[in-house]
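Asker: what follows is a predicted protein model with its sequence.
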Amino acid sequence: MTSRRSGGARTAGAVPYLFLAPAMVLFTLFMAVPIVYTAYLSLRRTKVSGLGLGKNSRTEIFVGLDNYAAAVTDGELWAGWLRVLGYGLLVLAVMLGLALLFALLLDSAHVRLARFSRIAVFLPYAVPGVAASLLWGFLYLPSLSPIRQVLDIDLLGTGAVTFSMANVAVWGGVGFNMLVLYTNLRAVPRTYYEAARIDGAGEIQIALRIKIPIMLPAIILTTVFSIIATIQVFTEPTTLRPLTNTISSTWSPLMKVYRDAFVTGDLYSAAATSIVIAAISLVLSFGFLRIVRNRAFGEG
Amino acid sequence: MQRKRLAVAAAAMAATLAAGCSGASQEPSSQAAQNSAPAGPVKLTYWSWVPNMDKIAAVWNQAHPDIQVTISKQAGGDDAAAKFLTAAKAGNPPDLVQAEYQMLPSFVAADALADLKNDVSQAKGKFSEGIWGLVTLGTDAVYALPQDSGPMMLYYRQDLFKKYGIEVPKTWDEYAEAARAARKKDPEVFLGTFSSKDPGSFVGLAQQAGAQWWSISGEAWKVGINDDATKKVADYWGGLVKEGAIDGQPYFTPEWNKALNDGKLLTWPSAVWGPGVLSGNAPNGKGKWAIAPLPQWNAGENLSGFWGGSSTAVAEKSPNKAAAVQFATWLNTDPEALGLLVKEGAVYPASTKGGGLLGEAPDYFSNQADFWQQAAAISAGARGFTFGPNVNVTYNAFKDAFDKAVHDKSVFSDALQAMQETTVADMQKSGFQLVQ
């Protein structure tokens, strides 16, 4: 095996690199360079002198880790993390639960209109986040909403706003996750089920004892994707914000980055905060993978 | 063959060199070069959100084949300002930009605007002192040409006032009484709403009361967002919201539009550009709304403030500043251009001559033939103030603090204190000189 591979490499020469080149160029331009630039910006800040109005009254200076210190000691950022944590747990549980349920239902032998149902569940995923948030926002507004005429709850009030936002994410995300799980299920040889049926297992037992264990890697994959997506929650709160006074400009950590960079014009703090967020995302998603990998992939 | 290729290369090289030279001759730093006429037609881009600005530019382009202006339509508001600041930082801003007055100091502080003082001396006389002050920021420089202004007035539902037997309030005390009366007559109805999303509106009301949020003393800034005048305004509205006499929902939401349209909101303290918003958002109210001066703090006064209003500024990095100034001057002082701004753009021109062009009342206000005369009388008493270099920070703090205050029905002057502290902390962090 080893000798064959090294022999192949010798004859191939530069060809593998040629195939890799487009990906590497794109990666460098659109991932590596921006990341390095962000890291560079995060170590700097503008210094104003006097009134700050005349020419050259602003200079960029090196401040070391000052921006990081400010970012990690900012109470608003951690309050934002807490809000996102609550929101994320809600989204993860409901969205993945529903996705799993729909995937199993669609895969069961008895379902009718499977094709139609599959598309119907998936369709919201095709609606852009901003459009989805606006659409739901209109449904939440008291005087416009058919929901509000039945239900007497302020859907954008302090208590409900997290649920209302989670609802938008769940509505949009179930279809995609369902499709990943469903595709995984379709690849399972039908003979497993036949064997189980011969042994006397019902549909529910088949689902619990055979289908879910087989799907575990796919469930973990969708969970990791969803963790990353909820950490980056931005569109829903930003779109709903003009409609209510319960969502602040720093509701989620990413909104704080946007506010610093583009509303208050402090790119340097925004850069530092975004690197902190990236680090936390890495810890959370890899941490999750580490916890579950023994069970899912049989690695040790 | 070989020689031919060489010749082509040489020609290409010469062309590149020539292009390089002409590029250099348009360098803004070289004063002499700026006066030499450019070879081809100068192409300018202009970011603006005035409706039909492209039609107005087309009139200019027709008459000036050597200076062609292209309009890039913007969304307006804070987003437009953020976009311009980002573009200026990245080094490729548009040549001209529509800038709200309160954003000018931020733009200037970011070194994004050209100083026009050498080119606009003859334009100065065409504007009132107060408005000219907004584009000089109280310095010797001139950072933009005023385009429109937004003196505030009270829009009210004439028909519903009659129906509920409410008099047009002359003072803020009367306004509060009217708010309570309206609630009594019909619990579905509010006299007005306090918007925690529109710092511009609050700033106008604070100006009316005599607030001075920023001022320059020597080489230092003084920040007084929580001054007595503003506290008075904040607590007045806070009291009304707490008591439930007026609503706390933000302006410009679908919810608010519907309330305006359905006659559930009886007044809107807004600016002279209000007719455009009303006709777009509340079509059912056509011919039912009227205007009156803002209620006064003391009976007999005739004071108002400004909400919005914008200017035309030239980017520091523009390679064609001279041409850009020419266009900006024409746009905001030439009678033909002013006429177009009024007719096509529904703009209330800042130029003193511009007011005279406003004859017929807006279609939506067909019931009020003297709309513009009233507006002009109101605008005469409008007070402005100097805006600071980090208005965007202050405005963002307004939204966060007042969102919470309206929601919790807490004391509004506490929210004001939060704005003051956020603004001062931001200026200190950046290194601005401050006096207490």
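Answerer: Alright, I've got the coordinates.
Asker: tell me the residues of the stretch 1-150 of chain A that contact chain B?
Answerer: Applying CB under 8 Å from any CB of the partner chain, we find that the stretch 1-150 of chain A lies next to chain B at A:46-53, A:55-58, A:138, A:141-144. Glycine gets a C-beta too; all of them are placed from N, C-alpha and C.
Asker: any stretches of the chain with poor pLDDT?
Answerer: Answering for chain A, as no chain was given. For chain A, the stretches with pLDDT under 70 are A:1-12, A:109, A:295-300.
Asker: wait, chain B
Answerer: Low-confidence segments of chain B (pLDDT under 70): B:1-39.
Asker: can you point me to the longest strand in it?
Answerer: Counting by DSSP state E, the longest strand found in chain B is strand B:145-157.
Asker: dump it to CSV, restricted to CA.
Answerer: Listed next in CSV are the C-alpha coordinates belonging to strand B:145-157 (Å, rounded to 0.1, in the frame of the first residue of the first chain):
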residue,chain,number,x,y,z
LEU,B,145,-23.8,72.3,0.5
PRO,B,146,-27.2,72.3,2.3
GLN,B,147,-29.9,70.5,0.3
ASP,B,148,-33.0,70.2,2.3
SER,B,149,-34.1,70.9,5.9
GLY,B,150,-36.6,69.3,8.1
PRO,B,151,-38.4,71.8,10.4
MET,B,152,-40.8,70.0,12.7
MET,B,153,-44.5,70.6,12.9
LEU,B,154,-47.6,68.9,14.2
TYR,B,155,-49.5,66.7,11.8
TYR,B,156,-53.0,66.0,13.0
ARG,B,157,-56.3,64.4,11.9
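Asker: which neighbouring elements make contact with the next helix or strand after that strand?
Answerer: Using DSSP states H and E, the helix or strand that directly follows strand B:145-157 along the chain is helix B:158-164. Contacting helix B:158-164 under the criterion 3 or more CB pairs under 8 Å, 6 or more residues apart in numbering or on different chains; DSSP states H and E are the following elements: helix B:172-185.
Asker: check which element follows the helix it packs on along the chain.
Answerer: For helix B:172-185, the succeeding helix or strand toward the C-terminus, using DSSP H and E, is helix B:199-208.
Asker: now the angle between helix B:199-208 and the helix or strand where B:Gly239 lies, please.
Answerer: In the assignment (DSSP H and E), B:Gly239 maps to helix B:228-243. Helix B:228-243 and helix B:199-208 are oriented at 120 degrees to each other (axes from the mean of the first three to the mean of the last three CA atoms, to 10 degrees).
Asker: helix B:228-243: which residues count as buried?
Answerer: Buried residues in helix B:228-243, counted by 16 or more other CB atoms under 10 Å in any protein chain shown: B:229-238, B:240-242.
Asker: could I get the full set of helices for the stretch 201-350 of chain B?
Answerer: Along the stretch 201-350 of chain B, counting by DSSP state H, counting those that start in this stretch, helices occupy B:228-243, B:254-262, B:274-281, B:321-333, B:335-345.
Asker: oh, I was asking about the stretch 151-300 of chain A
Answerer: Going by DSSP H, counting those that start in this stretch, the stretch 151-300 of chain A shows helices at A:161-186, A:190-198, A:203-206, A:212-231, A:235-240, A:253-258, A:267-297.
Asker: tell me who's in contact with B:Leu303.
Answerer: B:Gln208, B:Gly210, B:Leu294, B:Gln296, B:Trp297, B:Gly381, B:Ala382, B:Arg383 (CB atoms under 8 Å, 6 or more residues apart in numbering or on different chains).
Asker: hang on, the first one packs against B:Trp297?
Answerer: Yes - proximity of B:Gln208 to B:Trp297 meets the contact threshold set by CB atoms under 8 Å, at 7.4 Å.
Asker: ok, now which ones touch residue 49?
Answerer: No chain was given, so I picked chain A. A:Ser57, A:Arg58, A:Thr59, B:Gly431, B:Gln433.
Asker: chain B, not that one
Answerer: Contacts of B:Trp49 (CB under 8 Å, 6+ apart): B:Lys73, B:Gln74, B:Ala75, B:Gly76, B:Ala80, B:Gln98.
Asker: what's the closest non-adjacent residue to whatever residue of the stretch 151-300 of chain A ends up closest to chain B?
Answerer: Nearest residue of the stretch 151-300 of chain A to chain B: A:Asn245, at 3.7 Å (CB to the nearest CB). Among residues not flanking A:Asn245 along the chain, B:Asp403 sits closest, at 3.7 Å (CB to CB, 6 or more residues apart in numbering or on different chains).
Asker: I'd say the one you found and B:Asp198 touch.
Answerer: No - B:Asp403 is not in contact with B:Asp198 according to CB under 8 Å; the separation is 11.4 Å.
Asker: if we can go back for a sec, packing partners for the helix holding B:Gly239?
Answerer: Contacts defined by 3+ CB pairs under 8 Å, 6+ apart place helix B:228-243 against helix B:172-185, helix B:199-208, helix B:412-430.
Asker: angle of that helix against helix B:172-185?
Answerer: Going by the same axes, to 10 degrees, helix B:228-243 makes 10 degrees with helix B:172-185.
Asker: and helix B:228-243, how far out from the chain middle?
Answerer: 24 Å (CA atoms, centre = their mean, to the nearest Å).
Asker: Provide the contact partners of that helix at residue level.
Answerer: For helix B:228-243, using CB under 8 Å, 6+ apart, the contacting residues are B:172, B:176, B:179-180, B:194, B:202, B:205-206, B:208-213, B:224, B:246-248, B:297, B:405-406, B:409-413, B:415-416.
Asker: keep those residues, but drop any that are not near chain A.
Answerer: Restricting the contacts of helix B:228-243 to those near chain A by CB under 8 Å from any CB leaves B:Gly248, B:Val406.
Asker: just the buried ones among the contacts of helix B:228-243, please.
Answerer: Those of the contacts of helix B:228-243 that meet the buried threshold are B:172, B:176, B:179, B:194, B:202, B:205-206, B:208-213, B:246-248, B:297, B:405-406, B:412-413, B:415-416, by 16+ other CB under 10 Å.
Asker: who touches A:Tyr125 in this structure?
Answerer: If you count contacts by CB under 8 Å, 6+ apart, A:Tyr125 has them with A:Gly172, A:Gly173, A:Gly175, A:Phe176.
Asker: do the same with B:Ala377
Answerer: B:Ala377 neighbours (CB under 8 Å, 6+ apart): B:Pro293.
Asker: mind telling me what element it is part of?
Answerer: In the assignment (DSSP H and E), B:Ala377 maps to helix B:371-380.
Asker: circling back: got a markdown table for the helices and strands packed on helix B:228-243, with distance to A:Phe262 too?
Answerer: Formatted as a markdown table, these follow (distance: least, CB to CB, whole Å):
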| stretch | distance to A:Phe262 |
| --- | --- |
| helix B:172-185 | 36 |
| helix B:199-208 | 17 |
| helix B:412-430 | 15 |
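Asker: most tightly surrounded among those helices?
Answerer: Ranked by mean neighbour count, these are led by helix B:199-208 with a mean of 25 (mean count of other CB atoms under 10 Å in any protein chain shown).
Asker: so where do the helices sit in the stretch 1-150 of chain A?
Answerer: A:2-12, A:15-27, A:33-41, A:66-72, A:75-107, A:114-122, A:129-140, A:146-150.
Asker: just put those in CSV and tack on mean neighbour count.
Answerer: Listed next are those as CSV, based on neighbours: other CB atoms under 10 Å in any protein chain shown:
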stretch, mean neighbour count
helix A:2-12, 9
helix A:15-27, 11
helix A:33-41, 13
helix A:66-72, 18
helix A:75-107, 18
helix A:114-122, 14
helix A:129-140, 18
helix A:146-150, 11
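Asker: okay if I get those helices as TSV plus distance to A:Leu254?
Answerer: Output for the helices of the stretch 1-150 of chain A, formatted as TSV (distance: least, CB to CB, whole Å):
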stretch	distance to A:Leu254
helix A:2-12	43
helix A:15-27	22
helix A:33-41	14
helix A:66-72	13
helix A:75-107	9
helix A:114-122	26
helix A:129-140	13
helix A:146-150	28
